[in-house]
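Student: Quick one: sequence plus predicted model below, questions after.
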Amino acid sequence: MKKTIKLIAFCIIILFSSGCATTPSVTYGNPEQVETLTPEFGSTDLQMIAEKMVNSLLKSPVLQSGRRPVIYVHRVKNRTDEHIDTKAITDKIKVALLKSGKVRFSAVSEVNDELLKQLEYQTSSGMVNPKTAKSFGHQVGADYFLYGEITSITKKAGRVEDVYFKMTMNLVNIETGLIEWADEKEIRKQAKKPLIGG
């Protein structure tokens with residue numbers, strides 16, 4: 001009888017202790033490592049797109065002139081059925097281009113309200129030394145407008161899912177309205193569900 005009670009108590013302890021251990025094991029991974037957990041848009045796709053667009057734009061005649069044009073960046077539009085953080089794509093491209101030293105970016109699209117508040121504070125509050133206060137009308141106008149979109153096509157047949165992504169970007173001369181550069185990156189991924197458990 002005592003053995004049975006001890007056995008039941010032991011089983012209950014094991015049951016509860018295994019039920020409480022729901023915290024996943026977390027490890028750090030290499031952000032450059034290929035990620036293929038699902039066919040959905042992932043970090044590897046973002047990196048491949050950014051690398052292609054940056055390398056292509058840096059080789060374009062627009063950026064070979066030796067002068068550093070000012071670019072206004074519009075956030076990439078998501079035309080897929082997935083939730084894709086297009087700001088992450090836009091930021092990755094912008095940071096890489098800025099690090100190249102060949103371009104400058106207008107911050108107006110991102111922090112326009114904050115810039116205006118700071119200018120108003122410096123010129124109107126009486127709290128800033130007039131000799132160091134910045135004034136309205138001195139921001140640098142952008143030479144080019146960079147925009148893009150990501151689209152996708154998803155097909156399913158039986159256990160196979162095929163996902164195609166296409167990222168297209170354009171650089172427009174603001175003064176002339178001419179598209180000076182354009183490129184696209186295509187990605188295709190396939191996932192096959194297992195026969196058992198899928």
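Tutor: Looks like it came in fine.
Student: Show me where this structure has its strands.
Tutor: Remark: strands of the chain, listed N- to C-terminal, are 70-73, 77-79, 104-105, 144-157, 160-173, 179-192; assignment by DSSP state E.
Student: which ones are touching the residue nearest the centre of the chain?
Tutor: In the chain, the C-alpha closest to the average C-alpha coordinate belongs to residue 88, at a distance of 1.7 Å (C-alpha atoms, centre = their mean). With contacts defined as C-beta atoms under 8 Å, 6 or more residues apart in numbering, residue 88 is in contact with residue 46. Yep, even glycine has a C-beta here, placed from its N, CA and C like the rest.
Student: hmm, try it at 10 Å
Tutor: Under the criterion of C-beta atoms under 10 Å, 6 or more residues apart in numbering, the contact list for residue 88 reads 43, 46, 50, 76.
Student: what's the answer for residue 108, then?
Tutor: 72-73, 115-116, 139-142.
Student: swap in residue 123?
Tutor: Contacts were defined as C-beta under 10 Å, 6+ apart; by that measure residue 123 touches 130, 133-136.
Student: Closest one of the residues you listed to residue 105?
Tutor: Within these, distances to residue 105 taken as C-beta to C-beta reach their minimum at residue 134, with 18.6 Å.
Student: Can you give the contact residues for stretch 74-84?
Tutor: Residues from elsewhere that reach stretch 74-84, judged by C-beta under 10 Å, 6+ apart: 39-42, 45-46, 49, 53, 85-91, 93, 109-110, 145-154, 163, 165-170, 172.
Student: Which helix or strand in this protein has the lowest average pLDDT?
Tutor: Each helix and strand of the chain was given a mean pLDDT (mean pLDDT, DSSP states H and E); the minimum falls on helix 2-20 at a mean of 65.
Student: Same list (the contacts of residue 88) but as a markdown table, adding pLDDT and neighbour count.
Tutor: As requested, the contacts of residue 88 are arranged in a markdown table below (pLDDT from 0 to 100; neighbours: other C-beta atoms under 10 Å):
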| residue | pLDDT | neighbour count |
| --- | --- | --- |
| 43 | 82 | 15 |
| 46 | 88 | 21 |
| 50 | 93 | 22 |
| 76 | 92 | 25 |
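Student: Most widely separated two among those?
Tutor: For these, the farthest-apart pair by C-beta to C-beta is 43 and 76; their separation is 15.6 Å.
Student: Give me the neighbour count for the nearest residue to residue 51 once chain neighbours are set aside.
Tutor: What sits nearest to residue 51 in space, not counting adjacent residues and going by C-beta to C-beta, 6 or more residues apart in numbering, is residue 96, at 7.8 Å. Residues contacting residue 96 under the criterion other C-beta atoms under 10 Å number 16.
Student: Could you double-check that residue 96 sits in contact with residue 55?
Tutor: Yes: in this structure, residue 96 sits in contact with residue 55. The criterion is C-beta atoms under 10 Å, and the distance is 8.9 Å.
Student: got the buried residues for stretch 78-89?
Tutor: Neighbour counts using 16 or more other C-beta atoms under 10 Å place 78, 80, 84, 86, 89 of stretch 78-89 among the buried residues.
Student: All set now, cheers.
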